[in-house]
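**Q** Got a sequence here, can you build the structure:
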Amino acid sequence: MNGPPFSVSSDEIQSLFGNKFEIQILEQNNLDIHNYQKFWKRGLKSNFIEYLLLLSPKADN
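**A** Here you go, the predicted structure:
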């Protein structure tokens, strides 16, 4: 399915923000695609995972 929502890998998050931020997963939700008919109708046919992340600035070394 063309986004949004856009799939972003943990590697991409790490490469974009990992140098300056500590990345912590605060919440992870497995979402049933059948509860999101608008995405089903747009072509997404599998469940997806939603993450809530906390990015905290790294202390200067």
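**Q** CA atoms for contacts and neighbours, from now on please.
**A** Noted.
**Q** ranges for the strands of this structure?
**A** 21-31, 48-57 (DSSP state E).
**Q** for the ones you listed, which one sits closest to F39?
**A** strand 48-57 (10.6 Å; C-alpha to C-alpha).
**Q** quick one: contacts of that closest one?
**A** 20-33 (C-alpha atoms under 8 Å, 6 or more residues apart in numbering).
**Q** Apply 6 Å and report the result again.
**A** Outside strand 48-57, the residues that touch it by C-alpha atoms under 6 Å, 6 or more residues apart in numbering are 20-31.
**Q** quick one: the closest residue to W40 other than its chain neighbours and I25, what's the gap?
**A** Leaving out its chain neighbours, the residue that sits closest to W40 by C-alpha to C-alpha, 6 or more residues apart in numbering is I33, at 6.5 Å. Taking C-alpha to C-alpha, to the nearest Å as the measure, I33 falls 22 Å from I25.
**Q** Show me which of those two is the more surrounded one.
**A** I33 (15 against 10; other C-alpha atoms under 10 Å).
**Q** The more buried one contacts L44, correct?
**A** No: counting by C-alpha atoms under 6 Å, L44 is not a contact partner of I33; they are 7.7 Å apart.
**Q** buried residues in the helix or strand of the chain with the lowest mean pLDDT?
**A** Taking mean pLDDT, DSSP states H and E as the measure, the helix or strand of the chain with the lowest value is helix 37-41, at a mean of 82. Within helix 37-41, the residues that count as buried by 16 or more other C-alpha atoms under 10 Å are F39.
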